[in-house]
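Enquirer: Please find the sequence and the predicted model below.
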Amino acid sequence: MKCLIVTTHPLDDSLCKHLGKHVENKLIQIGHEVTIEDLYTENFEPALTAKERKSYYREDYDSSNIEEQARRLQDTEALVLLFPTWWFGFPAILKGWFDRVWGPGIAYDHASDYGPIKPRLNNLRKVLVVTTLGSPWWVDRLVLWQPVKRIMKLALLGACAKKSKLQFLSLYNSEKLDEQKIALFKRKIGKALDTWRE
């Protein structure tokens, strides 16, 4: 499959980047075609521009500044998102990637009557989210009801990629992990990606 890995962390020595390399190696080992999109390294501009916003409901959304990202998203069959969960949400640069790249004519089409949008990411079959959180599991699951997972599953994929299957892996207490816990989590990632064998 054509696999797109989107990584989001400002530090090169971060746990997210380390896990991203693990994912990349595993996907290549399985035999998939892998493209890496590191939003920080590429200096991706997250803010939706005035020109883009003005074109949102016109016939042609102005995607001139994100053509490469849009093409990669539309071509991909399997998407991996690696990012830290900050304040129980997406990092700003990743949220901006959704705002700009998952735009009309790319990820979905507007309904003529402003009703429910129509999905366009019909090639996207598999999605794996790997995220790190400083908080314990019970805060994310029991207090906040996994807001990032719900947005990913119900809002983004539910609207734009209805044929896709989501796998969601969260590494909690990420600021006080030892090598053994990281290794166990990497095995979880490996098991998830083993289901991507064709």
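Expert: Structure received.
Enquirer: For the protein, which segments are assigned as strands?
Expert: Per DSSP state E, the chain carries strands over the ranges 2-7, 33-38, 78-84, 108-109, 118-119, 126-132, 165-171.
Enquirer: What helices and strands are in contact with the fourth one?
Expert: What that stands for is strand 108-109. If contacts are counted by 3 or more C-beta pairs under 8 Å, 6 or more residues apart in numbering; DSSP states H and E, strand 108-109 sits against strand 118-119. The way it works is simple: take the backbone N, C-alpha and C, and place the C-beta from them, glycine included.
Enquirer: swap the cut-off to 10 Å and go again
Expert: strand 118-119, helix 158-160 (3 or more C-beta pairs under 10 Å, 6 or more residues apart in numbering; DSSP states H and E).
Enquirer: so where do the helices sit in the chain?
Expert: Secondary structure of the chain (DSSP state H): helices located at 15-30, 50-54, 67-75, 92-101, 137-138, 147-150, 158-160, 179-194.
Enquirer: In the chain, where is pLDDT below threshold?
Expert: 198 (pLDDT under 70).
Enquirer: before we move on, back to that, would you format the helices of the chain as JSON lines with mean neighbour count and distance to residue 113 included?
Expert: Listed next are these as JSON lines, based on neighbours: other C-beta atoms under 10 Å; distance: least, C-beta to C-beta, whole Å:
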{"stretch": "helix 15-30", "mean neighbour count": "17", "distance to residue 113": "41"}
{"stretch": "helix 50-54", "mean neighbour count": "12", "distance to residue 113": "21"}
{"stretch": "helix 67-75", "mean neighbour count": "16", "distance to residue 113": "25"}
{"stretch": "helix 92-101", "mean neighbour count": "18", "distance to residue 113": "23"}
{"stretch": "helix 137-138", "mean neighbour count": "12", "distance to residue 113": "42"}
{"stretch": "helix 147-150", "mean neighbour count": "16", "distance to residue 113": "27"}
{"stretch": "helix 158-160", "mean neighbour count": "18", "distance to residue 113": "16"}
{"stretch": "helix 179-194", "mean neighbour count": "14", "distance to residue 113": "39"}
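Enquirer: thinking again about what came up before, please work out which of the strands of the chain is packed deepest.
Expert: strand 78-84 (a mean of 24; mean count of other C-beta atoms under 10 Å).
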